[in-house]
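Using only what follows, build the 3D model:
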Amino acid sequence: MEKTRETAAQPDDADAPRPLGVAVIGFGWMGRVHTQAYVRVPHHFPELPLRPRLVTVADEVPGRAEEAAARFGFADTAAHWRDVLTDPRVDAVSVTAPNFLHREIGVAVAEAGKHLWIEKPVGLTAADARAVADAVTAAGVRAAVGFNYRNAPAVQTARQMIRDGALGTVTHLRVRLLSDYAAHPDGALTWRYERERGGSGVLGDLASHGVDLARHLLGEISALTADTAVFLPERARPTGATAGHALATGGELGPVENEDYVSCLLRFASGARGVLEASRVAVGEQNNYGIEVHGTKGAVFWDFRRMNELGVSRGGSYQDQPVTTVYVGPGHGDFAAFQPGAANAMGYDDLKVIEAHRFLRSIADGPDAPAHCATPD
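Prediction:
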């Protein structure tokens, strides 16, 4: 008897996700993170009606774009980032180039009619950021800024608790972003420490994340007072090519032009108060990022280094009220897209996958959907 083979029903082409051509400009560490996020999005969010397709990658470092294409499967490489803008296959662009290029590239991407996923800081100044935002609005494209910490399921849960009134009336917030990536006195004097090319220092690198978290959780900031400091005022100029936070000795000393440290007192439109502190030269601190939110009935605590845990204190005790550790699980934020049960760990790169999903979702939803930066408010 002839054997027959059953085949699974093929999906209607009309229901199949449509391809979306993407490009990456600048392929350092963050360019790799964006690329991997595009590749992983369909695995974690299969219902997304778009499928990112890696079209082209551009980088000024000789050989880097070619290496990225061979490793990750980009169809082509571009000799210059402007070549990306004239490629009809490209619908969306990730901008992960150095800070001083963000305004020029961001504006050009929007004016070319491409959707824009741009890393922070969007520019060297507020005027730069406004120029990119204006170009996005004028072109009618979708845009997202790379604020990833708000995407942690624990932070998403804290935000929902605040909105639901579980903490009562929020009275104050503390945000800390302390790191040691620039603490070594032999750290090379790269573009990151120059006003002309790096713009701000720890304000753009870390404090911007703190401001985003503060606004994401508590709403608009109505007033602030701040203090900044440079604790390592001179560094050696590198004698060759550098990458990341390389060390350099023996080179000519030059001035550090932007801040190592910032502290802020915040006042929110709601009447709540806040404290924000960020440092790039905090010896002994590695990615010590976290939030504390206090209300009239309770509090929540989150530490990025224990990203999948949330400290929660609520009830009617007020004084001596205990704090419980909650392990985030499938019922919290986007956790279920990554893990099946509570206390299974998620990592930093997963947050960028969520960010990529929200960016692509905004494109799929079209121009009538609410605009947002990485996550809808």
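
Stretch 125-145: how far from the chain's middle?
17 Å (CA atoms, centre = their mean, to the nearest Å).

for stretch 49-56, same thing?
Worked out by CA atoms, centre = their mean, stretch 49-56 lies 20 Å from the chain centre.

So what touches that stretch?
Residues outside stretch 49-56 that contact it (CB atoms under 8 Å, 6 or more residues apart in numbering): 17-24, 35, 38-39, 41-42, 72-78, 83-84, 87, 89-90, 92, 356, 360, 363-364. Using the backbone N, CA and C atoms, a C-beta is placed for each residue, glycine as well.

Low-confidence ranges, the stretch 151-300 of the chain, go.
Within the stretch 151-300 of the chain, the stretches with pLDDT under 70 are 240-244.

Quick check: the gap between the residue lying closest to Arg267 once chain neighbours are set aside and Leu265.
Nearest in space to Arg267, with sequence neighbours left out and distances taken as CB to CB, 6 or more residues apart in numbering, is Ala223 at 4.3 Å. Distance of Ala223 to Leu265, computed by CB to CB, to the nearest Å: 9 Å.

Between those two, which is the more surrounded one?
Leu265 (13 against 9; other CB atoms under 10 Å).

Give the pairing partners of the helix or strand harbouring Leu310; include direction for each.
With secondary structure defined by DSSP states H and E, Leu310 is part of strand 309-314. Its sheet considered, strand 309-314 pairs with strand 298-303 (antiparallel), strand 324-327 (antiparallel) by DSSP bridges.

which SS class is the nearest residue to Leu265 once chain neighbours are set aside?
Take Leu265 and drop its neighbours on the chain: the residue closest to it by CB to CB, 6+ apart is Thr225, 5.0 Å away. What DSSP: H, G, I helix; E, B strand; the rest coil gives for Thr225 is strand.

number of nearby residues for Thr225?
9.

ok, now how distant is Gly333 from Asp350?
From Gly333 over to Asp350 (counting by CB to CB), the distance is 11 Å.

cool, Gly187 as well?
For Gly187, the distance to Asp350 - CB to CB - is 29 Å.

now Asp227
From Asp227 to Asp350 the distance is 35 Å (CB to CB).

try Val275
From Val275 to Asp350 the distance is 29 Å (CB to CB).

If you count surrounding residues, which of these two has more?
More crowded of Val275 and Asp350, by other CB under 10 Å: Asp350, with 23 against 16.

if I look at that one, how far off is Phe45?
On the measure of CB to CB, Asp350 and Phe45 end up 12 Å apart.

Next: Ala345.
Ala345 is 19 Å from Phe45, by CB to CB.

neighbours of Arg71, just the number please.
11.

pLDDT wise, what is it at?
At Arg71, the pLDDT value in this model is 97.

Can you tell me the element it falls in?
Counting by DSSP H and E, Arg71 is found in helix 64-72.

Against which helices or strands is that helix packed?
Applying 3 or more CB pairs under 8 Å, 6 or more residues apart in numbering; DSSP states H and E, we find helix 64-72 packed against helix 29-44, strand 50-58, strand 76-78.

Adjacent strands (with direction) for the last one?
I take that to be strand 76-78. For strand 76-78, pairing defined by DSSP bridges yields strand 50-58 (parallel).
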